[in-house]
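Visitor: all I have is the shape, not the residue letters:
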């Protein structure tokens, strides 16, 4: 995923999908812009695109370009200024018994089994259901050079995993999947809290959370991580 010359942003071609059913808002139509997959994206370019609100999914970098809807709003946590609230402190305490390990080469069979259980229990009404090994490899198994997988284990049993990308100015939280039987642990929120701690340790200013959608219940958790910035009108603004 490296190249000697980073292309100028203005010269990058974008490809638009046909309008399709939105995964988050019932009845809405979505259009997605993908960065030309022929471009070999280095970390500098990837970081600049993330700063502009783009995201990575598998081997693709994309951003919503919906004609009649602007609901998908890029969001990022100010890691250095982040302070846990009471609920988040309880979440951290509930998971003190977990061991965290960063890897670039996860056991794909072990991770797919966890990913499959997660999709079957938590997203069986979405476009990722039913899960398949090929879907996992395309979406999660595509580990870039600047990627890591955070593994959360209890007595060596994999309870949760987060794919993260290292940017020049932060961490991009790509996707988290976890054991649905441990719902009391709030493993999705815990993963974000640990990513913020990791960003602080590496002196990186932001944790990019992807898109926040105000009227989508599945996205509501992101607003709890403050200070939070959202990108609107071509600039990042602090949520008050």
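Guide: Alright, I've got the coordinates. Keep in mind it's a predicted model, so treat the numbers as computed, not measured.
Visitor: leaving out the residues flanking it, which one is nearest to the residue sitting nearest the centre point of the chain?
Guide: Nearest to the geometric centre of the chain sits residue 174, at 2.6 Å (C-alpha atoms, centre = their mean). Take residue 174 and drop its neighbours on the chain: the residue closest to it by C-beta to C-beta, 6 or more residues apart in numbering is residue 163, 4.1 Å away. In this view, the C-beta of every residue, glycine as well, is placed from N, C-alpha and C.
Visitor: ok, the residue nearest to the centre of the chain touching residue 166?
Guide: No: with contact defined as C-beta atoms under 8 Å, residue 174 and residue 166 do not form a contacting pair (11.1 Å).
Visitor: pull up the overlap in contacts between those two.
Guide: By the contact definition C-beta atoms under 8 Å, 6 or more residues apart in numbering, residue 174 and residue 166 are jointly contacted by residue 147.
Visitor: contacts only, for residue 160.
Guide: Contacts for residue 160 (C-beta under 8 Å, 6+ apart) come out as 114, 151, 152, 176, 177, 178, 179, 187, 188, 190, 191.
Visitor: could I get the buried residue list for the strand or helix carrying the third one?
Guide: It refers to residue 152. Using DSSP states H and E, residue 152 falls within strand 147-154. Judged by neighbour count (16 or more other C-beta atoms under 10 Å), strand 147-154 contains these buried residues: 147, 148, 149, 150, 151, 152.
Visitor: let me know the closest of those residues to residue 49.
Guide: Taking C-beta to C-beta as the measure, residue 49 sits nearest to residue 147 out of those, at 15.2 Å.
Visitor: right, and the closest one touches residue 103 too?
Guide: No: with contact defined as C-beta under 8 Å, residue 147 does not reach residue 103; the gap is 10.1 Å.
Visitor: do you know how far residue 221 is from residue 229?
Guide: Distance, residue 221 to residue 229, using C-beta to C-beta, to the nearest Å: 16 Å.
Visitor: of these two, who's got more company?
Guide: Neighbour totals were compared for residue 221 and residue 229, and residue 229 leads with 19 against 14 (other C-beta atoms under 10 Å).
Visitor: test my guess that the more buried one contacts residue 238.
Guide: Yes: counting by C-beta under 8 Å, residue 229 does reach residue 238; the two are 5.5 Å apart.
Visitor: overlap of the contact sets of those two?
Guide: Between them, residue 229 and residue 238 share these contacting residues under C-beta under 8 Å, 6+ apart: residue 78.
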